[in-house]
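Trainee: What follows is a predicted structure for the sequence shown.
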Amino acid sequence: MNSANDTLKQAQNMNKNTENSMYIPLIGVHSRKCNETELNGFPGSLFWIKALSMIMICVLTGLIPDKSLGQITASMDLSAVLTNMPGSATGAPVYSITLSESVNQPVTGWGCFPGFVDWGAGIGFDKQLQKAIYGDLGMTVGRVKIYPDYCNRDGSLNTSEIDNNLAKQIETMRSYGITKWIITTWSPPAFMKTFNDTIGNVKGKPNHLKPEFEDAFVKFYAQVLVYLRDVKKMGTPVYATVQNEPDYAAPWDGCPYEPEQWRRVTKKLRKALDEQKLTMVKMHGPDHNHYTIGKYLGSDLSELRSDPELLRALDGIAFHSYDEGTQSGGKAAVEARELILKFKNEFKKGNEIWQTENCTVRPEDLTVSAIRQLRSMMRDIGYLEANCYIYWLGASNRKAIRARS
């Protein structure tokens with residue numbers, strides 16, 4: 001087994017010696033070097049590579065058990081790793097750890113939202129970029145979205161838009177062996193909302209789904225899944241959620257939901273899916289930061305306890321992890337853990353918890369960003385017991401992302 005120092009040197013040398021390619025130690029493959037407009041968002045294209053390299057350091061030095069290792073006792077000096085990181089102290093103590101082959105928490109997958117194919121992003125047509133995201137990263141599940149444009153004003157489906165975008169995206173994922181996908185919406189169709197617009201915030205006011213369009217919305221949602229299953233022969237998603245980040249009136253495609261409406265629409269969507277023989281599609285939520293679980297499901301999960309229909313509708317918890325160091329840390333994480341454990345141990349025993357979106361957005365040193373991202377991942381997977389981890393965005397052309405104030 002390599003020492004921590006040897007592993008760190010290997011990772012550093014890989015990044016130094018590959019001018020036209022990036023080496024991803026976690027999966028041991030090369031891919032072409034993507035520029036910052038292709039690997040999204042936070043500052044720099046090597047962010048993910050550094051984060052994954054750090055995880056690999058943990059794997060190779062015995063901090064994370066490999067299934068084949070069985071139960072072992074290991075000892076290591078972390079100073080070799082920590083002294084090479086910005087701002088780290090020297091002389092880190094030696095820790096003894098015991099690793100066991102028994103499974104306490106299954107990790108069933110990881111992935112991302114690949115990109116905005118409907119807005120012309122390169123992930124929709126660039127073969128090398130598709131290979132980097134769908135192939136080289138080793139993702140096992142994709143997160144995709146139903147766009148507002150998929151619904152015509154008369155309620156019928158705009159199948160040409162679905163064919164050219166969502167269906168093509170799922171088809172591309174399947175060509176790389178990714179058959180598991182989850183689905184959500186950023187916004188209902190514009191005509192179903194308060195201000196006839198897809199964005200979540202119009203001139204400082206929240207742009208809600210009109211109550212009189214709730215039934216039409218869930219019917220449209222279910223029809224998209226039926227079309228993908230029956231016409232496009234693409235199967236069905238593992239999970240569906242009513243709305244991405246329902247507690248945020250976004251200046252881009254979005255739709256804020258008050259808790260009462262969110263619970264009502266969640267139950268209606270479950271019914272609409274069942275009526276279309278989509279009972280295998282599970283539902284989870286609230287699909288927002290973990291400190292909103294109590295807001296939408298009630299303190300101590302009181303809304304699930306008092307509403308059997310809501311309890312039946314919701315198969316799992318999905319949460320995001322933004323606002324690291326503010327709302328997402330400390331007390332909020334403790335409270336979220338209590339609700340998550342109660343949900344899966346008392347209400348839906350054995351059902352999965354998914355972290356469905358997160359990224360680092362601070363402008364800072366890339367290594368510091370990688371450490372921050374890894375810390376967030378460890379909290380979400382280790383402390384909040386997420387069974388699957390979904391990163392925000394695989395790739396984008398920044399000009400394609402629409403935002404209006």
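Mentor: Sure thing, it's come through.

Trainee: quick one, helices of the stretch 301-405 of the chain?
Mentor: Using DSSP state H, counting those that start in this stretch, the helices assigned to the stretch 301-405 of the chain run over residues 302-306, 308-313, 331-342, 366-378.

Trainee: closest to Ser396 out of the ones you listed?
Mentor: Closest of the helices of the stretch 301-405 of the chain to Ser396 is helix 366-378, at 17.5 Å (criterion: C-beta to C-beta). No exception for glycine: its C-beta is placed from N, CA and C like everyone else's.

Trainee: Now the closest one: buried residues?
Mentor: Neighbour-count burial for helix 366-378 flags Leu366, Thr367, Ser369, Ala370, Ile371, Arg372, Gln373, Leu374, Ser376, Met377 (criterion: 16 or more other C-beta atoms under 10 Å).

Trainee: Select the longest strand from this protein.
Mentor: In the chain, with assignment by DSSP state E, the single longest strand is strand 282-289.

Trainee: Could you tell me which other helices and strands it packs against?
Mentor: strand 239-240, helix 259-275, helix 293-297, strand 316-320, strand 353-357 (3 or more C-beta pairs under 8 Å, 6 or more residues apart in numbering; DSSP states H and E).

Trainee: Same list, those, but as a markdown table with mean pLDDT and distance to Glu309 please.
Mentor: Below are these laid out as a markdown table (pLDDT from 0 to 100; distance: least, C-beta to C-beta, whole Å):
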| stretch | mean pLDDT | distance to Glu309 |
| --- | --- | --- |
| strand 239-240 | 98 | 17 |
| helix 259-275 | 98 | 5 |
| helix 293-297 | 97 | 14 |
| strand 316-320 | 97 | 17 |
| strand 353-357 | 97 | 22 |
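
Trainee: which neighbours does the longest strand of the chain have in its sheet, and in what orientation?
Mentor: Using DSSP bridges, the strands paired with strand 282-289 are strand 239-240 (parallel), strand 316-320 (parallel).

Trainee: quick one: contacts of it?
Mentor: 184, 238-248, 262, 266, 269-270, 273, 292-293, 295-297, 313-323, 327-328, 352, 354, 356-357 (C-beta atoms under 8 Å, 6 or more residues apart in numbering).

Trainee: got any ranges where the chain has weak pLDDT?
Mentor: Applying pLDDT under 70 to the chain picks out residues 1-97, 324-329, 361, 398-405.

Trainee: Could you break it into its assigned domains?
Mentor: 4-99, 109-400 (automatic domain parsing).

Trainee: just checking, which of those sits deepest inside the structure?
Mentor: Greatest average neighbour count among those goes to domain 109-400 (a mean of 19), per mean count of other C-beta atoms under 10 Å.

Trainee: Put together JSON lines for the helices and strands packed on strand 282-289, with distance to Asp118 on each row.
Mentor: Converted to JSON lines, the helices and strands packed on strand 282-289 look like this (distance: least, C-beta to C-beta, whole Å):
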{"stretch": "strand 239-240", "distance to Asp118": "18"}
{"stretch": "helix 259-275", "distance to Asp118": "22"}
{"stretch": "helix 293-297", "distance to Asp118": "28"}
{"stretch": "strand 316-320", "distance to Asp118": "22"}
{"stretch": "strand 353-357", "distance to Asp118": "18"}
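
Trainee: closest one to Pro114 among these?
Mentor: Here strand 353-357 is closest among these (C-beta to C-beta), at 12.9 Å.

Trainee: Give me the contacts around the closest one.
Mentor: Under the criterion C-beta under 8 Å, 6+ apart, residues 113, 143, 182, 184, 239, 241, 244-245, 284, 287, 316-322, 340, 343-344, 380-381, 384-392 lie in contact with strand 353-357.
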